[in-house]
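> Sequence and computational prediction follow.
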Amino acid sequence: MDLARSLPPRLLRFFAKYPPPPSTYTPPSPYSAPVAALKARVAPTTSSAGLNAPAIETNMPSLVVEELPYHNPFQPRKNFVTGRWYGPRYGLRQQADLVKLAEKHGVVDLLPYTIKKPGEKEKRRIERGLRVKGTGVDEKVKGKMWERTLKGRLELRKKAMLQMPAMIQEWKRLGHGRGWKKYPKKGGHGVF
């Protein structure tokens with residue numbers, strides 16, 4: 001009770017509207033469907049053939065979800081009757097402000113799931129991995145034109161540097177540039 005008196009009014013209003021779940025509650029994945037939709041989709045596993053009949057297999061994962069009297073105000077939700085999606089009650093900035101306030105007063109664990117909770121960003125990064133194009137196996141980043149053609153230019157430079165001693169000798173043999181024709185005329189007789 002003393003904790004409730006020490007909380008700021010903003011958190012008190014939030015917890016009055018969205019009371020924290022019981023301590024045994026484990027929050028579901030943010031991407032799981034509502035409980036009503038799960039119950040409507042799952043067929044009974046027994047049939048009239050008897051108890052030894054094989055159970056009907058479903059592709060649905062087995063989820064243990066406790067119903068709360070309210071939807072998570074930090075997550076979007078879908079109306080399964082109309083098919084419309086409704087945005088979260090609290091935007092990302094408001095979520096971040098509430099989390100910071102709750103963290104300051106030590107009640108961040110009482111908030112519903114949100115991506116703004118401490119440690120959630122790191123968890124998602126570990127689950128999804130680093131998503132940067134070109135960092136995967138057999139992937140290339142497009143890059144700028146000078147980056148794409150750099151390898152070929154460096155090869156040409158290397159080849160020219162290897163031929164440089166012969167070019168210097170030819171230049172000296174022809175009189176230090178007096179008979180030098182770097183780019184001979186078409187059909188003419190030049191050095192190269």
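Yep, that arrived. Numbering: from 1, shown residues only.
> could you pull out the strands for the chain?
Ranges of strands in the chain, per DSSP state E, are 77-78, 85-86.
> Please work out which of these is packed deepest.
Mean neighbour count (mean count of other CB atoms under 10 Å) peaks for strand 77-78 among the strands of the chain, with a mean of 14. No exception for glycine: its C-beta is placed from N, CA and C like everyone else's.
> Partner strands of it and their direction?
strand 85-86 (antiparallel) (DSSP bridges).
> contact partners of the partner strand?
76-79 (CB atoms under 8 Å, 6 or more residues apart in numbering).
> In CSV, list these along with distance to Leu92.
What follows is the contacts of strand 85-86, written out as CSV (distance: CB to CB, whole Å):
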residue, distance to Leu92
Pro76, 12
Arg77, 16
Lys78, 19
Asn79, 22
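> circling back: mind putting the strands of the chain into JSON lines with mean pLDDT and distance to Gly179?
Output for those, formatted as JSON lines (pLDDT from 0 to 100; distance: least, CB to CB, whole Å):
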{"stretch": "strand 77-78", "mean pLDDT": "94", "distance to Gly179": "84"}
{"stretch": "strand 85-86", "mean pLDDT": "96", "distance to Gly179": "81"}
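> Looking at these, spot the one closest to Lys172.
Closest of the strands of the chain to Lys172 is strand 85-86, at 79.5 Å (criterion: CB to CB).
> pretty sure Ser6 is in contact with His105, am I right?
Yes. Using CB atoms under 8 Å, Ser6 makes contact with His105 at a distance of 7.0 Å.
> between the two, which one's more packed in?
Between Ser6 and His105, counted using other CB atoms under 10 Å, His105 has the larger neighbour count: 14 against 11.
> Which residue, other than its chain neighbours, is closest to that one?
Spatial nearest neighbour of His105, chain neighbours left out: Leu7 (5.7 Å); criterion: CB to CB, 6 or more residues apart in numbering.
> Neighbours of Gln95, how many?
Counted with other CB under 10 Å, residues neighbouring Gln95 total 20.
> ok, it to Glu139 distance?
The gap separating Gln95 from Glu139 is 34 Å, by CB to CB, to the nearest Å.
> Leu162 too?
Distance of Leu162 to Glu139, computed by CB to CB: 33 Å.
> so where's this structure shaky on pLDDT?
Regions of the chain meeting the criterion pLDDT under 70 cover residues 1-2, 23-68, 129, 135-136, 180-192.
> can you do 90?
Within the chain, the stretches with pLDDT under 90 are 1-6, 20-70, 121-143, 167-192.
> mind listing the helices in it by residue range?
2-6, 9-17, 35-41, 92-105, 120-128, 145-148, 150-162, 164-173 (DSSP state H).
> Pick the most deeply packed of these.
It is helix 92-105: most buried of the helices of the chain by mean count of other CB under 10 Å, with a mean of 15.
> For it, name the packing helices and strands.
The helices and strands touching helix 92-105, judged by 3 or more CB pairs under 8 Å, 6 or more residues apart in numbering; DSSP states H and E, are helix 9-17.
> Pro76 contacts Pro88, correct?
Yes. Counting by CB under 8 Å, Pro88 is a contact partner of Pro76 at 5.5 Å.
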